[in-house]
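Chemist: Starting from these lines, generate the structure:
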Amino acid sequence: MGKGILRSMTIRLGLLPALLAVAFLAAPNAGAAPPTPDEDPFYTYSGSKPLAEIAPGTVLKTRTLSYHVVGLPTAVPAIQLLYRANDELGEPTVNVTSVLKPLITIGTPQVVAYQSFYDSLNPVDEPSYAISGGLTLGGAIPQVESALIGPSLLAGRTVVIADTEGEEADFAAGPEYGTNTLDSLKAAIASPATGLASTKKIAMIGYSGGAIATEWAAELAPTYAPTINSKLVGATMGGVLVDPAHNLHYVDGSLSWAGVMPMAIIGVSRAFHIDLTPYLSEYGKGVYAKLEKAAIGEVLAQYPGLTWTQLAKPEYATPESIPVYVHTVNQLIMGTRGTPTTPLQISQGALGELEGTAGDKPGIGEGDGVMIAGDVRSLARQYCDKGTKVSYTQYLLGHIGTAVPWIAEAMTWMNNRFLGLPAPQNCSSIAPGNSLAPIPE
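Modeler: Take a look at the predicted model:
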């Protein structure tokens, strides 16, 4: 059924024409599959200077290849950069970003930072591997996203696509998504191979997992990457994960989305170097082991009705009874580390019953099946109060369904930011939402 959801999404987005548009002039037949990231030396830093002594965003390696769609090379050049990054704990690491160059550029280059919703615990599913020609089941989403990338390339804009989850695939570790995105933009602008040194306008866009990266990048940019922030013309996102602790309760028992619970537990544990398995039941440990390299398509609708009480030992009736969990998820609440200064466009669904998630849980309210509308509204209102221009739209649709109107709205909104038109805002009409206060520790 997970495959059915992805297939439905593909049909609804009308991907076939767009895939053909991106693969215009496509070419030669695909050759042998490239080595996977764990086998490919490009993904490994081999310099003598310690990473800790290298500034984040520094380019470490460069290669140029063809942008591949479903394993087939196109005429679009893809410049891949290995760059210095930080993990969730601020430790030095490396990451890869892909810079897709349009066939025709007029004037000062404009940049679209596209954040993928590849949502996987397996590094082989990252966008850079799909772009280089790799094909994996979990990497099917980056292939599908060619439909969203194509219009920007056809408009003459350069598209930068970071492996937002980092080299270890730290699923759901939001701040790391954000710094990986910002450092990838630093690297893209700094690299002589990209021709982006004169760039003055950058827009960020992402849905679902891509929205995690987009929001955290916008939130962190003023302090973490002020030079990038000065070039941002806007950030558009949909299906936003604002407060992961709330979302865990929301998807608890869902017919389609419950499998995200163990995925998030694994990803956050990995990112923060903590071990939550001592709190899990034998069944929970089995699920944990099974999903350590799972992608979102492998859990959607595969664990219908799964609950926290099934995953945890009886003495841990709620996740809030685990101190290390509380301390960790409190660090993942959006809006706690800064305020975007760039305009925002946010779309959120609010009819999660369409995707098998109950909408009557106390303190949560309606959502899209996996993300919570009240949390998103509260974040939008918080930013409005601090002076950010926010345009918020709420749809009576599920998470997958909301992606369709969001795409149309996001593309128009983003184009208008590049044109320099005033950013709209509807702050006064955004309804109140949920409390985003941290869990007491």
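
Chemist: For residue 233, see how far away residue 126 is.
Modeler: Here the distance between residue 126 and residue 233 works out to 27 Å (CB to CB, to the nearest Å). Glycine gets a C-beta too; all of them are placed from N, C-alpha and C.

Chemist: same deal with residue 111?
Modeler: Using CB to CB, one gets 10 Å for the distance from residue 111 to residue 233.

Chemist: okay, and the common contacts of these two?
Modeler: 201, 202, 203 (CB atoms under 8 Å, 6 or more residues apart in numbering).

Chemist: quick one: which of the residues you listed sit in strands?
Modeler: Using DSSP state E, the members of the shared contacts of residue 111 and residue 233 that fall in strands are 201, 202, 203.

Chemist: Could you report the neighbour count for the second one?
Modeler: Here the count is done by other CB atoms under 10 Å, and residue 202 has 28 residues near it.

Chemist: sorry, back to before: more neighbours: which of residue 111 and residue 233?
Modeler: Set side by side, residue 111 and residue 233 show more neighbours around residue 111, with 27 against 20, by other CB under 10 Å.

Chemist: quick one: residue 374 and residue 319, what's the gap?
Modeler: For residue 374, the distance to residue 319 (CB to CB) stands at 19 Å.

Chemist: Please identify which of those two sits among more neighbours.
Modeler: The neighbour count for residue 374 versus residue 319, taken as other CB under 10 Å, is higher for residue 374 (24 against 21).

Chemist: and the closest residue to residue 316 other than its chain neighbours, what does it touch?
Modeler: Setting aside the residues directly before and after it, residue 316 is nearest to residue 279 in space (CB to CB, 6 or more residues apart in numbering), at 5.0 Å. Residue 279 makes contact with 312, 313, 316, 322, 325, according to CB under 8 Å, 6+ apart.

Chemist: Got a ChimeraX select line for the buried ones in those?
Modeler: Restricted to buried positions by 16 or more other CB atoms under 10 Å, the ChimeraX selection for the contacts of residue 279 reads:
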select :312,316,322,325
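
Chemist: so which of the contacts of residue 279 comes closest to residue 88?
Modeler: Of all these, residue 325 has the smallest distance to residue 88: 15.0 Å, by CB to CB.

Chemist: Other residues contacting the strand or helix carrying the closest one?
Modeler: Taking DSSP states H and E as the definition, residue 325 sits inside helix 323-329. When contacts are defined by CB under 8 Å, 6+ apart, helix 323-329 is touched by residues 244, 245, 268, 272, 274, 276, 279, 319, 320, 439, 440, 441.

Chemist: Looking at that helix now, give me its mean pLDDT.
Modeler: For helix 323-329, the mean per-residue pLDDT is 97.

Chemist: Quick one: name whatever helix or strand follows that helix.
Modeler: Toward the C-terminus from helix 323-329 - assigned by DSSP H and E - lies strand 344-349.

Chemist: For burial, what's the neighbour tally of the closest residue to residue 239 other than its chain neighbours?
Modeler: Closest residue in space to residue 239, ignoring its immediate chain neighbours: residue 208 at 4.4 Å, by CB to CB, 6+ apart. Using other CB under 10 Å, residue 208 has 26 neighbouring residues.

Chemist: Tell me which residues touch residue 208, please.
Modeler: Residue 208 neighbours (CB under 8 Å, 6+ apart): 117, 119, 238, 239, 241, 370, 371, 399, 403.

Chemist: got the buried residues for the longest helix anywhere in the chain?
Modeler: Of all the segments of type helix in the chain, defined by DSSP state H, the longest one is helix 399-418. Of the residues in helix 399-418, those buried under the neighbour-count criterion (16+ other CB under 10 Å) are 399-404, 406-407, 409-411, 413-414, 416-418.

Chemist: Could you do stretch 417-437 as well?
Modeler: Buried residues in stretch 417-437, defined by neighbour count with 16+ other CB under 10 Å: 417, 418, 423, 425, 427, 430, 433, 434, 436.

Chemist: One more: stretch 323-338?
Modeler: 325, 326, 328, 329, 330, 331, 332, 333, 334, 335, 338.

Chemist: Can you tell me the strand partners of the lengthiest strand in the chain and which way each runs?
Modeler: Taking DSSP E as the criterion, the chain has its longest strand at strand 72-86. Each strand that strand 72-86 pairs with, and the sense of that pairing, follows from DSSP bridges: strand 59-69 (antiparallel), strand 92-100 (antiparallel).

Chemist: what ranges of the chain fall below the confidence cut-off?
Modeler: 1-31 (pLDDT under 70).

Chemist: roughly how far apart are residue 128 and residue 167?
Modeler: Distance check for residue 128 against residue 167: by CB to CB, it reads 10 Å.

Chemist: Who has more neighbours out of those two?
Modeler: Between residue 128 and residue 167, residue 128 has the larger neighbour count (other CB under 10 Å), namely 25 against 20.

Chemist: Can you tell me the element that one falls in?
Modeler: helix 127-131.

Chemist: Tell me the helix or strand right after that helix.
Modeler: Using DSSP H and E, the next helix or strand after helix 127-131 towards the C-terminus is helix 140-144.

Chemist: And the next helix or strand past that following helix?
Modeler: Helices and strands here follow DSSP H and E; after helix 140-144, the next one along the chain is helix 146-154.

Chemist: Tell me which residues of that next one come out buried.
Modeler: 146, 147, 148, 149, 150, 151, 152, 153.

Chemist: Export stretch 359-372 to PDB, keeping only CA atoms.
Modeler: Below are the C-alpha coordinates for stretch 359-372, written out as PDB (Å, rounded to 0.1, in the frame of the first residue of the first chain):
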ATOM      1  CA  GLY A 359      -8.400  14.200  14.200                       C
ATOM      2  CA  ASP A 360      -9.800  14.500  17.600                       C
ATOM      3  CA  LYS A 361      -6.800  14.000  19.900                       C
ATOM      4  CA  PRO A 362      -6.700  16.500  22.800                       C
ATOM      5  CA  GLY A 363      -4.300  19.300  22.400                       C
ATOM      6  CA  ILE A 364      -3.500  18.400  18.800                       C
ATOM      7  CA  GLY A 365      -6.600  19.100  16.700                       C
ATOM      8  CA  GLU A 366      -6.700  18.600  12.900                       C
ATOM      9  CA  GLY A 367      -3.700  17.800  10.800                       C
ATOM     10  CA  ASP A 368      -3.000  16.300   7.400                       C
ATOM     11  CA  GLY A 369      -2.400  12.800   8.600                       C
ATOM     12  CA  VAL A 370       1.200  13.300   9.700                       C
ATOM     13  CA  MET A 371       1.700  17.100  10.300                       C
ATOM     14  CA  ILE A 372      -0.500  19.100  12.600                       C
END
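
Chemist: quick one: residue 163 from residue 172, how far?
Modeler: Shown here: residue 163 relative to residue 172, a distance of 15 Å by CB to CB.

Chemist: coming back round to it: and the helix holding residue 128, how far out from the chain's middle?
Modeler: Its chain's average C-alpha position is 14 Å from that of helix 127-131, according to CA atoms, centre = their mean, to the nearest Å.
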